[in-house]
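> test case, fold it:
(one chain, ligands or ions: 1)
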Amino acid sequence: MSHVLRRSLTATQPVIVKGEGSYLIDKDGTRYLDACGGAAVSSLGHDNKAVRDAVAAQMATLSYAHTGLFTNEPAEELASYLIARAPKGTGQGRVMYLGSGSEAMEAALKLARQYHLENGQPDRVHLIARAPSYHGNTLGALAVGGHAGRRAPFAPMLINAHHIDAAYGYRLQRDGESEEDFALRMANQLEDRIQTLGPKTVAAFIAEPVVGASLGSQPAPKGYFKRIREICDQHGVLYIADEVMCGMGRTGSLFALEQEGIAADITTMAKGLGAGYMPIAAVMASQKVVKAIEDGTGRLWNGHTYMSHAVACAGALAVMNEIDSRDLLSRVRTLGERLEAGLRSALGQHAHVGDIRGRGLFWTAEVVKDRDTKQPFDVKENIAGAMHMTALAKGVITYPSQGCADGTHGDHVLLAPCFTSTEEEIDQIVAVLAETISEAT
Ligand code: PLP
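Numbering: from 1, shown residues only. Below is the predicted model:
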């Protein structure tokens, strides 16, 4: 009997004992090709020696020193690296370290509140995010998330947050509407909501530059984030970019927002930062946010025991060194083109594939009952679950998600292969996904 309180208390799960390149291997010797890196975590594969050596070396010198009194070299070096590589416009910001994406989102929301208090604007209490969206499981992150199912059991305990539509082209772009017009129409929902709530009462807008978990790799339409930036600047609202899933090279640039030509006021990152070797997350505050605190109380109103953990930071720094020294961002773009072409060729005309979307090594197929009407499968059919198990039985790990019971979006399968995958592995992932969708739908 298992004493681990797992996500499913009833499922029998394979015991994974080893990682090797793009594969996970269980106790019985079964090999699973990892097509999603958990949830866009394992960018470097499962046995990266440089990262392991860096972690072991740091462990041998210094593991932990409380941040109330001390800083440490890996934390300082990693922060300088992230600030130097941040989207233009971030300025001389600073970075705080946490343990998970949810913690990073909590810290980002609190940082936004602190910024406005430091500036003498205590009435800025409203948070606006998008639906559908997912920003984490802790109560604050869950509150800003626009995921009806995950919010429902905890709804009475959640802080008040407001939601506008996610820029979900497949279902929301009108016939004949240009991408630019669609982008403006979606972004202007933020302007309308700010006006409704009262411009001086809004603290922050939260959105992933490329959506991950809730819609499956959904890039924004051209011009969307430029307009978002304008609206935020005009009303003194902070933009929090959630790069927990799409950041750290996944879309072909270190930060996904770089490709939109704007900078965020606060950025969160996690999964690909530690790439599965270390549980580490970070919040990057832009120069504007840091200056408000420096000119105000001079203290951060947030603290955790394990902030700036030296071993976690050394591991993340080694992950960043690997991405740069092996030019893995180029590899993401090249392999991403192969993955996209493979998906379009194998599934572009499939009767149950409504949309194929993504960027870099972050791709999704949305599965529908009726391609012409875009009608999703009934959630009771649990097509996502069937796809997951079918692909797994064929030795490939994918990341399917269920559609919404109200029919606003369908089931989808997200792929986020390792940046170190081979061409053959990418082709195998496509072939298995095509078989899987045909068998499960
Ligand atoms: N934000 C986004 C966009 C995510 O995809 C996730 C997790 O999937 C989170 C936040 C929460 O991160 P974590 O699961 O590490 O708490």
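> correct me if wrong: Val55 contacts His309.
No - under the contact definition of C-beta atoms under 8 Å, Val55 does not touch His309, with a separation of 11.1 Å. In short, each C-beta sits where N, CA and C put it, glycine included.
> what about the residue lying closest to Gly212 once chain neighbours are set aside, which helix or strand?
Using C-beta to C-beta, 6 or more residues apart in numbering and skipping residues adjacent in sequence, the residue nearest Gly212 is Met245, 3.3 Å away. Using DSSP states H and E, Met245 maps to neither a helix nor a strand.
> neighbours of Met245, how many?
By the criterion of other C-beta atoms under 10 Å, Met245 has 30 neighbours.
> can you check the pLDDT for it?
The score at Met245 is 98. That number is its pLDDT.
> which phi and psi does it have?
phi -100, psi -40 (degrees, to the nearest 10).
> distance-wise, check it relative to Ala263.
According to C-beta to C-beta, to the nearest Å, Met245 stands 19 Å off from Ala263.
> in the stretch 251-400 of the chain, what residue lies closest to the ligand?
Minimum separation of the stretch 251-400 of the chain from the ligand (C-beta to the nearest ligand atom) falls at Ala270, amounting to 4.9 Å.
> so that residue touches Val283, yeah?
No - Ala270 lies out of contact with Val283 (C-beta under 8 Å); the separation is 9.7 Å.
> what residues are shared contacts of those two?
Common neighbours of Ala270 and Val283, using C-beta atoms under 8 Å, 6 or more residues apart in numbering, are Ala104.
> quick one: name the residues of the stretch 1-150 of the chain near the ligand.
Neighbours of the ligand within the stretch 1-150 of the chain, by C-beta under 6 Å from any ligand atom: 39, 100-102, 105, 134-137.
> which of the residues you listed has the most neighbours?
Neighbours here mean other C-beta under 10 Å. Within these, the largest count is held by His135, at 33 neighbours.
> which residues touch it?
Contacts were defined as C-beta under 8 Å, 6+ apart; by that measure His135 touches 101-102, 105, 129, 141-142, 144-145, 206, 242, 244.
> what does Leu361 give?
For Leu361, the residues meeting the contact criterion (C-beta under 8 Å, 6+ apart) are 250-252, 332, 335-336, 339, 415-417, 419, 421.
> go with 7 Å
If you count contacts by C-beta atoms under 7 Å, 6 or more residues apart in numbering, Leu361 has them with 250, 332, 335-336, 339, 416-417, 419.
> next, give phi and psi for it.
When quoted as degrees, to the nearest 10, the phi and psi of Leu361 stand at phi -100, psi 50.
> next one, pLDDT for it please.
98.
> contacting residues around Ala166?
The contact partners of Ala166, taken as C-beta under 7 Å, 6+ apart, are 130-133, 211, 215.
> how far away is the closest residue to the ligand within the stretch 51-200 of the chain from Glu76?
Across the stretch 51-200 of the chain, no residue is closer to the ligand than Gly101, which sits at 2.2 Å (C-beta to the nearest ligand atom). With the distance defined as C-beta to C-beta, Gly101 ends up 23 Å from Glu76.
> next one: Asp242
The spacing between Asp242 and Glu76, counted by C-beta to C-beta, is 25 Å.
> what about those two, which has more around it?
In this comparison of Asp242 against Glu76, neighbours counted by other C-beta under 10 Å, the higher total goes to Asp242 at 32 against 13.
> could you list every residue that touches the more buried one?
When contacts are counted by C-beta under 7 Å, 6+ apart, Asp242 is found next to 105, 135, 206-208, 268.
> same thing but at 10 Å, please
Asp242 makes contacts with 101, 104-105, 108, 129, 133-136, 141, 144-145, 206-209, 211-212, 256, 264, 266-270, as judged by C-beta atoms under 10 Å, 6 or more residues apart in numbering.
> quick one, which of these are buried?
With burial judged by 16 or more other C-beta atoms under 10 Å, the buried subset of the contacts of Asp242 is 101, 104-105, 108, 129, 133-136, 141, 144-145, 206-209, 211-212, 256, 264, 266-270.
> can you flag which of those residues belong to helices?
101, 104-105, 108, 141, 144 (DSSP state H).
> look at the nearest residue to Asp378 once chain neighbours are set aside and say how many residues are nearby.
Leaving aside its sequence neighbours, Asp378 sits nearest to Lys369 (C-beta to C-beta, 6+ apart; 7.8 Å). Residues lying near Lys369 (other C-beta under 10 Å) number 19.
> what confidence value was assigned to Lys369?
pLDDT for Lys369: 95.
> list the contacts for it?
351-352, 354, 375-378, 381, 383, 403, 410-411, 441.
> would you mind writing the CA trace of stretch 284-291 as CSV?
These are the backbone C-alpha positions of stretch 284-291, laid out as CSV (Å, rounded to 0.1, in the frame of the first residue of the first chain):
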residue,chain,number,x,y,z
MET,A,284,11.5,39.2,-11.5
ALA,A,285,10.6,42.8,-10.6
SER,A,286,11.3,45.5,-13.1
GLN,A,287,13.3,48.6,-12.3
LYS,A,288,10.1,50.6,-11.9
VAL,A,289,8.8,48.2,-9.2
VAL,A,290,12.2,47.9,-7.4
LYS,A,291,12.6,51.7,-7.4
